[in-house]
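*Asks:* pasting a predicted model and its sequence here:
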Amino acid sequence: MKKYDFLIVGSGLYGAVFAREMTNLGKKCLVIDKRLHAGGNIYCENIKGINVHKYGPHIFHTNDKNIWDYVNSFVKFKDFTYSPLANYKDTLYNLPFNMNTFYQLWNIKNPVEVEEKIKNQVKEAGFIRPKNLEEQAISMVGKDIYEILIKGYTEKQWGRKAIDLPTFIIKRLPVRFTYDNNYFNDKYQGIPIGGYNKLIEGLLKDIEVKIGVDFFENRNELTKLATRIVYTGKIDEFYDYKYGHLEYRSLRFEHEFMSIPNYQGVSVVNYTEKNIPYTRIIEHKHFEFSKLSGTIVTKEFPQEWKPGTEAYYPINDDYNNKILKKYNELIKKENNVIFGGRLAEYKYYDMHQVIASALVKINMFK
């Protein structure tokens, strides 16, 4: 007889939500994680009283009131408006692209004149049906904004030329003709009071969790423990790279404590020049409006994933999608394995989308 109903591989948001809801339904769950902490990429490390977003900044945002109420049932969220800046050749520009940005670029105050300027640049470029990210971006905002604020940052982030990237990556970028620096359009936005660890602790309360356990080193033993497996890791790794490696982008972080109260005055500054090796600098205390005398800043360096590094972003281009299709055919044959989350589904998910995906799967067992 199996000891558990579900073995959940990964204690990030998908795994934690699944474990919580299955436990509420009377199912017995074991959650394992190869890292030495729970929480996956939303884990915060408290350093000198500051919650450091160890794997990059996370701002929860959604238009779905049910999802918002759900996360707030485990920890209260403080309103937070994400308003990053972009640095290009030591000049700062507001993000997302809005009237502040356009005024900084062109010294134009009138929205009608700005729209006309962008339309003229778009028309001059002549991309009727954009075939790649570069053409898509120029068809949205024109050549000036693309060259200054998109091209270098994007090519650093993805490690590929913009003409080799798919159009969908840039389509989610907001463009406004108002003086509005709120990066997201969603109705509900915030940061958990006390950090994201509070959310994970609430989700995993009274659930058995084992950290420092590598599923692949103990696969045969672990799979014997449970009736079903919920897998949130890399889909290609689960199948021992049978059809080859899927490609991912990874990140490297350099954290630094500074004995000053404020380094850059905002949570995130993007560096859009390609010759600057990092994509952004994060100042963590601004996520929770800390008044501590010191501060911690993080430089974020994008890099290609390779064994031994963390996979962060799936690269959903034609090459990888062909490989993914083969792995998805194998998934269809699985009866007792559930694949969920950004890596297991090879999809670019935001946090609210991860939760929604988990809740849909959970409905199968109600």
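*Replies:* On my side now, so go ahead.
*Asks:* and stretch 238-258, how far apart are its ends?
*Replies:* Terminal residues of stretch 238-258 lie 41 Å apart, using C-alpha to C-alpha, to the nearest Å.
*Asks:* how far does it sit from the chain's center?
*Replies:* 13 Å (C-alpha atoms, centre = their mean, to the nearest Å).
*Asks:* same deal with stretch 333-345?
*Replies:* 19 Å.
*Asks:* what's the first-to-last distance across that stretch?
*Replies:* 15 Å.
*Asks:* tell me the phi and psi of the residue nearest to Ser73 when sequence neighbours are not counted?
*Replies:* Take Ser73 and drop its neighbours on the chain: the residue closest to it by C-beta to C-beta, 6 or more residues apart in numbering is Gly202, 7.9 Å away. For every residue, glycine as well, the C-beta is placed using N, CA and C. Note on Gly202: its backbone torsions stand at phi -70, psi -40 [degrees, to the nearest 10].
*Asks:* from memory Gly202 sits against Phe77, does it?
*Replies:* No. Using C-beta atoms under 8 Å, Gly202 makes no contact with Phe77, being 11.9 Å away.
*Asks:* count the residues that sit near the residue nearest to Ser73.
*Replies:* Per other C-beta atoms under 10 Å, the neighbour tally for Gly202 reads 15.
*Asks:* enumerate every residue touching it.
*Replies:* Counting by C-beta atoms under 8 Å, 6 or more residues apart in numbering, Gly202 makes contact with Ser73, Phe74, Val75.
*Asks:* mind doing that once more with 10 Å?
*Replies:* Contact analysis of Gly202 by C-beta atoms under 10 Å, 6 or more residues apart in numbering lists Ala16, Arg20, Val71, Ser73, Phe74, Val75, Pro192.
*Asks:* please apply the same query to Gly340.
*Replies:* Counted by C-beta under 10 Å, 6+ apart, Gly340 has contacts 8, 10, 12-15, 17-18, 230-232, 349, 354, 357-358, 360-362.
*Asks:* which SSE is the closest residue to it other than its chain neighbours in?
*Replies:* Leaving aside its sequence neighbours, Gly340 sits nearest to Tyr14 (C-beta to C-beta, 6+ apart; 4.7 Å). Tyr14 belongs to helix 13-24 when assigned by DSSP states H and E.
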